[in-house]
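Q: Return atomic coordinates for the entry below.
(one chain, ligands or ions: 2)
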Amino acid sequence: MVHEVRGVVARSTGEPVSVETVLVPDPGPGEVLVTVQACGVCHTDLHYREGGINDDFPFLLGHEVAGVVEAIGDDVTDTAVGDYVVLAWRAPCGTCRACRRGRPWYCFDSANAIQPMTLADGTPLSAALGIGGFVEKTLVAAGQAVKVDPAARPEAAGLIGCGVMAGFGAAVNTGNVGRGDSVAVIGCGGVGNAAIAGASLAGARMVIAVDIDPRKLEWARGVGATHTIDSSTVDPVEAIRELTDGFGADVVIEAVGRPETYRQAFDARDLAGTLVQVGVPDPSMTIELPLIDLFGKGGALKSSWYGDCLPTRDFPILVDLHLSGKFDLDHFVSETIGIDGVEEAFGRMQRGEVLRSVVVL
Ligand SMILES: [Zn+2]
Ligand SMILES: [Zn+2]
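A: Ligands and ions are numbered 1, 2, ... in the order given. The predicted structure is shown next:
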């Protein structure tokens, strides 16, 4: 049986997205069909629409999904009909060289659905990050559907599927923030705010939020920033050093993805400190660094893909932290919108007016 549903499609570079009829097949082996309840609007969706990821138009956008499993393929055993799930864009294969070496968060062969979802005329859709979530039903690999506590409302839980996990994991998994650390986070959108919350929960004694937008600094205070720096008015490197007895922060998280902010993060790091880049750069960007400082400072320069998360381990943890009042996922839900509101939500996201708009289906 083929399910005829509505979904948000990007047809070509820069063209406004449109709500189209999408055909979703029943799940085959290894696949599950998920009824989408909510899906957050992420910068990556906009990057797809702008042709910044690849040219495989048309795209079915959306990838921060919470929903309920409606049907499962023949051989699916770990997921059951009725399970409340958050979808992950990493489903470790278990057999690639990274998985075999015990580092599945680097999996090089992450699983996705095999059958394509299509437009009404049969044109196959490229699902954003292997998910495609602004749609009433979506088809994914069973391993992408991660069961979590249904007590968490879908608008909040779905955000764990990308931005919140990326930021939280950048602090906790990649940056390995620990008790007593000083941490600076440059860029306080959804990902940066999640990094601040993660650092705070991990026991950082000081969490410095840096942004050029006072509104974002206010949000950052709401998730545990102990200090804020408006980098449109002061030099953030100097300001971070001042707050850390002249030394710099133990961990600096770059959540913007630009050479200028990377350089700030590099310079604001203490000796033997860690820089974590979680902001996604444009493919054209380059950076020049003094090699002597690169060598002399020691420590680590790391990048964090999806917060180095293991969805089956980390998603339920974040939901449980939310439900126990330690990590407020609702903080990230700035507004809920209908499926036809995605294009306008891109505008609000670009103007920095929201942490997340969430499509409710
Ligand atoms: Zn693998
Ligand atoms: Zn995303």
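Q: So what touches the helix or strand that contains Tyr262?
A: Using DSSP states H and E, Tyr262 sits in helix 259-267. Helix 259-267 is contacted by residues 184, 186-187, 210, 231, 236-237, 248, 252-254, 275, 277, 279, 281, 285-287, 289, 293, 301 when judged by Cβ atoms under 8 Å, 6 or more residues apart in numbering. Glycine gets a C-beta too; all of them are placed from N, C-alpha and C.
Q: which among those end up buried?
A: 184, 186-187, 210, 231, 236-237, 248, 252-254, 275, 277, 279, 281, 301 (16 or more other Cβ atoms under 10 Å).
Q: Between the residues you listed, which sits nearest Pro104?
A: Of all those, Pro104 sits closest to Gln277, with 21.2 Å by Cβ to Cβ.
Q: Which pLDDT does the model give that closest one?
A: With respect to pLDDT, Gln277 scores 98.
Q: Please look at it and Arg258 and confirm they touch.
A: No. With contacts counted by Cβ atoms under 8 Å, Gln277 stays clear of Arg258, the gap being 10.4 Å.
Q: can you map out the strands along the stretch 201-350 of the chain?
A: 206-211, 227-230, 249-254, 269-277, 300-303, 335-337 (DSSP state E, counting those that start in this stretch).
Q: Check which residues of stretch 116-128 are buried.
A: In stretch 116-128, counting by 16+ other Cβ under 10 Å, buried: Pro116, Met117, Thr118, Leu119, Leu125, Ser126, Ala127, Ala128.
Q: What of stretch 311-319?
A: Buried residues in stretch 311-319, counting neighbours by 16+ other Cβ under 10 Å, are found at Pro311, Thr312, Asp314, Phe315, Pro316, Ile317, Leu318, Val319.
Q: cool, and stretch 337-346?
A: In stretch 337-346, the ones that count as buried by 16+ other Cβ under 10 Å are Ile337, Ile339, Gly341, Val342, Glu343, Ala345, Phe346.
Q: How about stretch 187-203?
A: 187-202.
Q: Among these, pick out the one closest to Val333, please.
A: Among the buried residues of stretch 187-203, and counting by Cβ to Cβ, the member closest to Val333 is Gly190, at 10.1 Å.
Q: quick one, helices of the stretch 251-361 of the chain?
A: Remark: helices assigned in the stretch 251-361 of the chain by DSSP state H, counting those that start in this stretch are 259-267, 291-296, 311-323, 342-350.
Q: and Pro154, which of these is closest to it?
A: helix 311-323 (11.1 Å).
Q: Touching the closest one from outside, list them.
A: Residues from elsewhere that reach helix 311-323 (Cβ under 8 Å, 6+ apart): 86, 88, 90-91, 144, 146-149, 151-152, 156-157, 160-161, 164-165, 168-169, 173, 201, 307, 309, 327-329.
Q: So among these, which ones count as buried?
A: 86, 88, 90-91, 144, 146-148, 152, 156-157, 160-161, 164-165, 168-169, 173, 201, 307, 309, 327, 329.
Q: In helices, which of these fall?
A: The helices, defined by DSSP state H, take in Ala156, Ala157, Val164, Met165, Phe168, Gly169, Leu201 from those.
Q: Write out the residues of this structure neighbouring ligand 1.
A: Selection of the chain residues close to ligand 1 by Cβ under 5 Å from the ion yields Pro92, Cys93, Cys96, Cys99, Cys107, Asp109.
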